[in-house]
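Student: pasting the sequence and the predicted model now:
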Amino acid sequence: MGKIEQNKEQKRRAILAAAKQQFLAEGYASANMGKIADQAQVTKQTVYRYFPSKTELFQATLRFMGNSAGENFLDHLEDPNAEDGLRRFALAFAQAHLTQDHLETFRLLIAESGKASEMIESFFQVGPNETGATLAMFFADRLGVQDSEQPVRLWLAMLLAFRDKALLGQERPTEQEMRDHVTAATDLLLLGLAQKG
């Protein structure tokens, strides 16, 4: 990467870091592009050059937050052993949804869903829709399951079982509790698919 590209990437990351702080502190509706620019130490025009709208900036910020938290759970689905990949995905997915950034973002979505429907649409495009499409392809190609929408929806709901308590500030599961839960949920999924097949 040349110096110009490095400078562009630095500016982009500075804008995204500032946007993350602004969205989480002020909310989506009240987030101010001028304040984001000031915090990133760039001009407002520069922010709009990188991200033409608040919606696009929010989508990019969600991706940035996911990458920063190491939310690469979809990568596990590339494991040559389909079942191992599924189990590793499940653990990484459950852990990613208990990170502080994810919980704060989810609280923001709940608090502002009535004021900014475009924010909800952005979230679904970046998160659940992408995950669902990737899983549908994995289930069809690697497990031979064509109609996977319902089993995937039920399985993901099981994987997210600890999130409600975490959102309310309750104690989070231990690493072992998380592993045991994810294993049980995935075993149940695979058993159901075997019986259906």
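Tutor: Good, I have the coordinates.
Student: could you use CA atoms for every contact and neighbour count after this?
Tutor: OK.
Student: the helices in this structure, which residues?
Tutor: 3-26, 33-40, 44-50, 54-68, 82-96, 100-112, 117-126, 128-143, 149-159, 163-167, 175-196 (DSSP state H).
Student: which other residues reach the longest one?
Tutor: Here helix 3-26 makes contact (C-alpha atoms under 8 Å, 6 or more residues apart in numbering) with 30-32, 35-37, 39-42, 47, 50, 57-58, 60-61, 64-65, 104-105, 108.
Student: mind listing what's buried along it?
Tutor: In terms of neighbour count (16 or more other C-alpha atoms under 10 Å), helix 3-26 has its buried residues at 11-12, 14-20, 22-23.
Student: how about the residues you listed in TSV, adding distance to residue 74 and pLDDT?
Tutor: Formatted as TSV, those follow (distance: C-alpha to C-alpha, whole Å; pLDDT from 0 to 100):
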residue	distance to residue 74	pLDDT
11	27	93
12	24	93
14	26	95
15	26	95
16	22	94
17	23	94
18	27	95
19	25	94
20	23	92
22	28	93
23	25	91
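Student: let me have those residues in TSV, extended by distance to residue 82.
Tutor: Shown next, in TSV, are these (distance: C-alpha to C-alpha, whole Å):
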residue	distance to residue 82
11	39
12	36
14	38
15	38
16	35
17	36
18	39
19	37
20	35
22	40
23	38
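Student: out of those residues, which comes closest to residue 194?
Tutor: For the buried residues of helix 3-26, the minimum distance to residue 194 (C-alpha to C-alpha) is 42.8 Å, reached by residue 20.
Student: which of the helices of the chain comes out lowest on mean pLDDT?
Tutor: Lowest mean pLDDT within those: helix 117-126, a mean of 77.
Student: report the angle between that one and helix 54-68.
Tutor: 40 degrees (axes from the mean of the first three to the mean of the last three C-alpha atoms, to 10 degrees).
Student: done for today, thanks.
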